[in-house]
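Colleague: Could you look at this predicted model? Sequence included:
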Amino acid sequence: MAFNENTAQRIRDFFLLKNANFSEKKMFGGICFMVEDKMCCGTHIDKESGEDFLLCRIDEEFYPLALEMENVIPMKFTGKAMNGYVYVLERGFKSTKEFAYWLELCLAFNPKAKASKKK
């Protein structure tokens, strides 16, 4: 599980500042952050490029617009793009403002997100 601890700590700090009820889970080759027991966002280091990626679960209505943005690519965990999930490349979330923008989108969608079925 390869992920940038600095990015993970930035996510933790953001969620603490927002008083979000979150937990962490190792998934998708990195670490995911669950808010209200639903996957919200995460981070991992891409095997091919070695770049730090920010995984964002966003509203499916915003998804096509997000893909048109610079430094955003679809999440293709199983080889197929997953609607509502994007990766933001490292250069797209370096600033505090950019980072907060993406995490705010994730938190805004979280109440509408469906939780995974418990095993």
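Modeller: Right, received. Where do you want to start? Numbers count the residues shown, from 1 in each chain.

Colleague: what comes up buried for the longest strand along the chain?
Modeller: Longest strand in the chain by number of residues (criterion: DSSP state E): strand 38-45. Buried residues in strand 38-45, defined by neighbour count with 16 or more other CB atoms under 10 Å: 39, 40, 41, 42, 43, 44, 45. C-beta: built from backbone N, CA, C; applies to glycine.

Colleague: Kindly provide the distance from residue 40 to residue 94.
Modeller: 20 Å (CB to CB, to the nearest Å).

Colleague: just the buried residues of strand 38-45 now: which is nearest residue 100?
Modeller: Of all the buried residues of strand 38-45, residue 100 sits closest to residue 41, with 12.0 Å by CB to CB.

Colleague: what residues are up against that closest one?
Modeller: 11, 32, 33, 54, 55, 56, 57, 102, 103, 106 (CB atoms under 8 Å, 6 or more residues apart in numbering).

Colleague: how about a cut-off of 6 Å?
Modeller: Counting by CB atoms under 6 Å, 6 or more residues apart in numbering, residue 41 touches 33, 55, 56, 106.

Colleague: Name the helix or strand for the second one, please.
Modeller: Put plainly, it is residue 55. Assigned by DSSP states H and E, residue 55 belongs to strand 52-57.

Colleague: ok, which stretches of the protein are helices?
Modeller: Along the chain, counting by DSSP state H, helices occupy 5-17, 63-67, 96-109.

Colleague: Pick the most deeply packed of the ones you listed.
Modeller: helix 96-109 (a mean of 16; mean count of other CB atoms under 10 Å).

Colleague: show me what contacts residue 59?
Modeller: residue 109.

Colleague: Within its local environment, how many residues does the closest residue to residue 60 other than its chain neighbours see?
Modeller: Leaving aside its sequence neighbours, residue 60 sits nearest to residue 84 (CB to CB, 6 or more residues apart in numbering; 4.4 Å). By other CB atoms under 10 Å, the residues close to residue 84 number 18.

Colleague: hang on, residue 84 packs against residue 63?
Modeller: Yes: using CB atoms under 6 Å, residue 84 is in contact with residue 63, at 5.4 Å.
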